[in-house]
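>>> could you work out the structure for the sequence below:
(2 chains)
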Amino acid sequence: MVKQAIKMKRLIKAIWVFNWFNSCGFAEVVPIAGSRWDMERFGIILTGTPRHADVLFIAGYQTFKSMKRAQRICEQMADPKAVIALGACTMSGGMYWDSYNTVKRVSDYIPVNIYVPGCPPRPEALFEACEKIFQHVRAMQ
Amino acid sequence: MTTLTFGVILGAVIGPIGLGLFAIFCGLLYKGFDRKIAAHMQHRVGPPIIQPFLDVSKFMIKDTVQPERALSWLYNSAPIICLASVITLLLYLPFGNLAFTPVLSGQGDVILVLYLLPIPALAMILGGFASSSPIATVGAQRKMITMMSYEFPLVVVIISIAWKLNQLYPGHSVFSLAFIYSHPLWGEMGLLGNIGMLLLLLSLILVTPGQLGTVPFDVCEASPEIAEGLVTEYSGRNFALFYLSDAVKTVAIGTLTIVLFFPYDICPVIGLDGPAAFALDFLFFLVKLFLIVILTVTLPRTATARLKISQVLMSYWGITTGIALLGLAFIVAG
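Purely as a prediction, here's the structure:
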């Protein structure tokens, strides 16, 4: 158990993120990479391929078609991995709640570990989610 | 005799291990500085200096995924070949003071280094092809094209320096790196020769980002474009080995630049001697290394955008080769 805790500490210090962003989710959360919030100071960086990623960010409203891609990306990531769903759209469909093809709850299709609410979520909330995510996974196990 | 043999064997065993560990430490530290300086240039805070160490230690505990259709033995051995060949490359390079001779050295070091330099890139290309991903294949092809285009100016730079040394000191082993290190060329020629040296230095500076695959010449690993290219399928320990060999290669190429163009020590100038001088020279060497690598890798990386593959080809075959050949002409004249 202690060994696991040390391992998780190593993970939290260097989180590499892969994005799966639809619609405005991308535009609203992208400032965390910029100079005002600068996620690199916590060791969080964006990566181009799911194989290198520890955390999958899902944001924006998801359709059934895009959910298939998200599932494949999630399967391609190497363990230990976690999925963070951002924004109101992933929790309830958001403003597209009555659309015929919008996924209302992402966790029906993909093992989401943490939801970050908000439209869009604040960058601070996102950092907090990144900090808590692996502790959360360990507690669930 | 027995003790001598024992000492030689001990040196041959401890040398590579010690040098490898030192170069990994130095390279990762440089990567930390690189990210910090790049962040400050973009008005960000940036990660802590030890962030690359944290990254590597994280990758060591990650799962190592292997694609189903990958050629298993080649896929798994490519990162090891990559790191091993870079550390072999280091064994021929003189680090700092000449008292600290290379672990392996001989008559034709420079030629050997020229042949060893492409091997890490070749290992990455093999790994990319072996991972059977179309994206990695595209990355491997791009890396091959880049490699073919930057090799020629690099050869021109090294051969012209060796040629000039042979003119000045006939009968010596001019291809030995220790000899090149102990005979700086800057003051030995007239104005034309010095201009030629400047041009050669410029073309080597242009070649460096291509060698290391950093922006603006990172077409092979372009992350938003072809999803990290060559290393797209690598994860866990395999990727960590590529990361480490990238760090070590930065040290190796910085050292090569120092040996060819800035082979100056600080102690002969201030007249110090003994172990203190050795330590001081080594420190001075490290400062030189960091300055050179930051000027040739970090600044272009932050200040420019990625070129297209055709532009990379043109800038190497056209501009860089032109500058190198012009430098050769000036050196012949001076």
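
>>> chain A: strands as residue ranges?
A:16-21, A:45-46, A:55-59, A:82-86, A:114-116 (DSSP state E).

>>> quick one: name the residues of chain A near chain B.
Neighbours of chain B within chain A, by CB under 8 Å from any CB of the partner chain: A:7, A:10-11, A:13-14, A:16, A:34-35, A:38, A:40-43, A:46-49, A:51-52, A:54, A:76, A:78-80. Every C-beta, even on glycine, is put in place using the N, C-alpha and C of the backbone.

>>> ok, then the element right after the worst-scoring helix or strand of chain B on mean pLDDT?
Every helix and strand in chain B was compared by mean pLDDT, DSSP states H and E; the lowest is helix B:267-270, with a mean of 71. Downstream of helix B:267-270, the next assigned helix or strand under DSSP states H and E is helix B:275-293.

>>> which elements pack onto that next one?
helix B:2-41, helix B:236-261, helix B:267-270 (3 or more CB pairs under 8 Å, 6 or more residues apart in numbering or on different chains; DSSP states H and E).

>>> please identify the most buried of these.
With neighbours defined as mean count of other CB atoms under 10 Å in any protein chain shown, the helices and strands packed on helix B:275-293 peak in mean count at helix B:236-261, which reaches a mean of 24.

>>> is that one anywhere near chain A?
Yes - looking at helix B:236-261 against chain A by CB under 8 Å from any CB, the contacts come from B:236, B:239.

>>> again with stretch B:139-157
No - with CB under 8 Å from any CB as the criterion, chain A is not reached by stretch B:139-157; the gap is at least 10.5 Å.

>>> follow-up on the earlier one: quick one: buried ones out of the residues of chain A next to chain B?
A:7, A:10-11, A:13-14, A:16, A:38, A:40-43, A:46-49, A:51-52, A:54, A:76, A:78, A:80 (16 or more other CB atoms under 10 Å in any protein chain shown).

>>> so where's the chain uncertain?
As the question left the chain open, I've gone with chain A. Counting by pLDDT under 70, the ranges of chain A that qualify are A:1-2, A:5, A:136-141.

>>> actually, chain B is the one I wanted.
Short version for chain B, where the test is pLDDT under 70: B:1-8, B:96-107, B:223, B:271-272.

>>> show me what from it comes close to chain A.
So chain B meets chain A at B:35, B:39, B:42-48, B:51, B:54-55, B:57-58, B:61-65, B:135, B:222-224, B:226-228, B:231-236, B:239 (CB under 8 Å from any CB).

>>> just want the residue of chain A that's nearest chain B.
Across chain A, the shortest distance to chain B (CB to the nearest CB) belongs to residue A:48, at 3.1 Å.

>>> hmm, that residue is touching residue B:227, no?
Yes - assessed by CB atoms under 8 Å, residue A:48 is found in contact with residue B:227 at 4.5 Å.

>>> next, the buried residues of the longest helix anywhere in chain A.
When chain A is parsed with DSSP state H, its longest helix is helix A:123-140. Of the residues in helix A:123-140, those buried by neighbour count under the rule 16+ other CB under 10 Å are A:123, A:126-127, A:129-130, A:133-134, A:137.

>>> just how off-centre is it within its chain?
10 Å (CA atoms, centre = their mean, to the nearest Å).

>>> name the helices or strands packed onto that helix?
With 3+ CB pairs under 8 Å, 6+ apart as the test, helix A:123-140 has helix A:2-13, strand A:82-86, strand A:114-116 packed against it.

>>> report the contact partners of the closest residue to residue B:53 other than its chain neighbours.
Closest residue to residue B:53 apart from its sequence neighbours, by CB to CB, 6 or more residues apart in numbering or on different chains: residue B:28 at 5.5 Å. If you count contacts by CB atoms under 8 Å, 6 or more residues apart in numbering or on different chains, residue B:28 has them with B:52-53, B:56, B:244, B:247.

>>> run the last query once more with 7 Å
Contacts for residue B:28 (CB atoms under 7 Å, 6 or more residues apart in numbering or on different chains) come out as B:52-53, B:56, B:247.

>>> in a markdown table: the residues you listed, plus secondary structure.
Listed next are these as a markdown table, based on DSSP: H, G, I helix; E, B strand; the rest coil:
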| residue | secondary structure |
| --- | --- |
| B:52 | helix |
| B:53 | helix |
| B:56 | helix |
| B:247 | helix |
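
>>> please identify which of the residues you listed is nearest to residue B:175.
residue B:247 (27.7 Å; CB to CB).

>>> quick one: the closest one and residue B:22 touch, right?
No - between residue B:247 and residue B:22 there is no contact under CB atoms under 7 Å: 11.7 Å.

>>> could you dump the strands of chain A into TSV and include distance to residue B:193?
Shown next, in TSV, are these (distance: least, CB to CB, whole Å):
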stretch	distance to residue B:193
strand A:16-21	49
strand A:45-46	45
strand A:55-59	56
strand A:82-86	60
strand A:114-116	63
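
>>> coming back round to it: just the buried members of the residues of chain B next to chain A?
The buried subset of the residues of chain B next to chain A - by 16+ other CB under 10 Å - is B:35, B:39, B:44, B:46-48, B:51, B:54-55, B:57-58, B:61-62, B:64-65, B:135, B:222-223, B:226-228, B:231-236, B:239.

>>> what distance do you get for residue B:113 to chain A?
From residue B:113 across to chain A, the span is 31 Å (CB to the nearest CB, to the nearest Å).
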